[in-house]
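Chemist: sequence first, then the predicted structure, then my questions.
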Amino acid sequence: MATLVLAPSAVQASSVAHASLAHASSAHGSSAHGASAPQSGKGDPEPTATATPQPLAQGTIVDTVAYGRHSRQRMDVWYQSDDLKRPGVFLIHGGWWSSGDKKYMTEVSRSYAELGYTVFNINYRLSGDAAWPAQRIDAFDAIATARRHAALWSFDPNNYVVVGFSAGGHLATAVGTYKTGGLPGLKGVVGISPVVSPLTAYIDGADTLDPNKRKLREAAIQLAGGCAPAGKCARIWQSMEVSEHASRGDVPVLSVHSEDEFVPSSHSFQLQDRLRQVGVPVTVLTEPGIEHSSPLYRLPGVAERVQEWIAGRLL
């Protein structure tokens, strides 16, 4: 897939909250795959703009970029067209692994762009398009594309975090724990109502009147290719379990749940227990109520606490 010339509309310059990071070293030309990320087997297309860039808040440009050949393998890149190297925030939407879209992360993307980050708001193949681990592969491919072409987006490829919501939180934490040694440049992972354990969701959804827990159980089965966690499918379910991949080289994690939501904090405490054994910190925050995913993130003070944690990781 050939690269198209990006022709952004005229925009104004803006101040950057993290300009002090501009002198960090660049790994432009390197890949996030290396020995620790799976390959998609489809090659690595050049980033291709598929929509007219939009001028936003002062100095911010948004491009929609292809990181693969499937129609879902797209990401919106929010960036400044200058020579600075900004830390990055990758956002992964939720939606039961079977629905949802990056457009629902637009305001969250805007908020991090306004804080001075380069933002990558990614779509990925849904469970109806391909079974696990396609979604994790897509997250790796999006990160690899961003790191390889970092100079296009004023992005420091050695300084970024991944933030995921609900099912996207599963993907974010899966990225943070895959293989030993971690991804180059990854400094931390944030999960908002993350489904860290699809197996727990499967068990919790078996005998319950909660329609969301029942739906999450079915969604986890679909993610696994339509089969339950037994017999020939046991290995797939083990692969989906984030805690099963915890190792010493993993990055710190911040996880946020509501006290009474249908994805309980026990998901994240499982990961905390496993990572604590190898010396990796996991912070689990709980908020009163039942709010899940984006509504939880919008509760007073939650976004600010997440942003503060991210800023501490991207010093």
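Modeler: Yep, that arrived. Residues are numbered from 1 along each chain as shown.

Chemist: so where is the stretch 1-150 of the chain shaky, pLDDT-wise?
Modeler: 1-57 (pLDDT under 70).

Chemist: ok, the longest strand seen in the chain: who's next to it in the sheet?
Modeler: Across the chain, the strand with the greatest residue count (assigned by DSSP state E) is strand 155-165. Taking DSSP bridges as the criterion, strand 155-165 sits next to strand 86-92 (parallel), strand 186-192 (parallel) in its sheet.

Chemist: which of the residues in the last one are buried?
Modeler: Within strand 186-192, the residues scored as buried using 16 or more other CB atoms under 10 Å are 186, 187, 188, 189, 190, 191, 192. In short, each C-beta sits where N, CA and C put it, glycine included.

Chemist: could you do stretch 246-259 as well?
Modeler: 246, 247, 250, 251, 252, 253, 254, 255, 256, 257, 258.

Chemist: need the mean per-residue confidence for that stretch.
Modeler: Regarding stretch 246-259, the rounded mean pLDDT is 96.

Chemist: now the strands paired with strand 155-165 as CSV including distance to residue 117?
Modeler: Below are those laid out as CSV (distance: least, CB to CB, whole Å):
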stretch, distance to residue 117
strand 86-92, 5
strand 186-192, 12
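
Chemist: and of those strands, who's closest to residue 78?
Modeler: strand 86-92 (9.0 Å; CB to CB).

Chemist: how far away from the center of its chain is the closest one?
Modeler: 8 Å (CA atoms, centre = their mean, to the nearest Å).

Chemist: same check on stretch 78-95?
Modeler: 12 Å.

Chemist: could I get the buried residue list for that stretch?
Modeler: 78-80, 84-95.

Chemist: ok, the nearest residue to residue 133 once chain neighbours are set aside to residue 161 distance?
Modeler: Leaving aside its chain neighbours, residue 133 sits nearest to residue 239 (6.1 Å; criterion: CB to CB, 6 or more residues apart in numbering). With the distance defined as CB to CB, to the nearest Å, residue 239 ends up 23 Å from residue 161.

Chemist: more neighbours: the two, which one.
Modeler: residue 161 (28 against 17; other CB atoms under 10 Å).

Chemist: contacting residues for the closest residue to that one other than its chain neighbours?
Modeler: The spatial neighbour of residue 161 that comes closest, neighbours along the chain excluded (CB to CB, 6+ apart), is residue 188 at 4.6 Å. By CB atoms under 8 Å, 6 or more residues apart in numbering, the contact set of residue 188 is 161, 162, 176, 251, 252, 253, 254, 309, 310, 313, 314.

Chemist: wait, isn't residue 150 in contact with residue 159?
Modeler: No. Between residue 150 and residue 159 there is no contact, the gap being 10.1 Å when judged by CB atoms under 8 Å.

Chemist: report the distance from stretch 260-273 to the chain centre.
Modeler: 18 Å.

Chemist: quick one: contacts of that stretch?
Modeler: 166, 173, 177, 191, 193-197, 200-201, 204, 210, 212-213, 216, 242-243, 246, 253, 255, 257, 259, 282, 284, 286, 289-292, 296.

Chemist: okay, and which of these map to strands?
Modeler: Those of the contacts of stretch 260-273 lying in strands (DSSP E): 191, 253, 255, 257, 282, 284, 286.

Chemist: need the max-distance pair from the buried residues of stretch 78-95.
Modeler: Between any two of those (CB to CB), the greatest distance is 33.4 Å, for 84 and 95.

Chemist: follow-up on the earlier one: who touches both of residue 150 and residue 159?
Modeler: residue 85.

Chemist: what's the farthest-apart pair in the buried residues of stretch 246-259?
Modeler: 247 and 258 (29.1 Å).

Chemist: tell me the one of the buried residues of stretch 78-95 nearest residue 155?
Modeler: For the buried residues of stretch 78-95, the nearest to residue 155 is residue 88 (5.1 Å; CB to CB).

Chemist: show me what contacts the closest one?
Modeler: 117, 118, 119, 120, 146, 155, 156, 157, 159, 160, 161.

Chemist: quick check: phi and psi on the first one?
Modeler: As for residue 117, its main-chain torsions (degrees, to the nearest 10) stand at phi -90, psi 160.

Chemist: spatially nearest residue to it (excluding sequence neighbours)?
Modeler: Looking at residue 117 with CB to CB, 6+ apart, the closest residue is residue 89, at 4.7 Å.

Chemist: do residue 82 as well
Modeler: residue 154 (5.7 Å).

Chemist: likewise residue 118?
Modeler: residue 155 (4.2 Å).

Chemist: same question for residue 178.
Modeler: residue 245 (5.8 Å).

Chemist: that neighbour against residue 175, yeah?
Modeler: No. Checked against CB under 8 Å, the pair residue 245 and residue 175 is beyond contact range at 10.2 Å.
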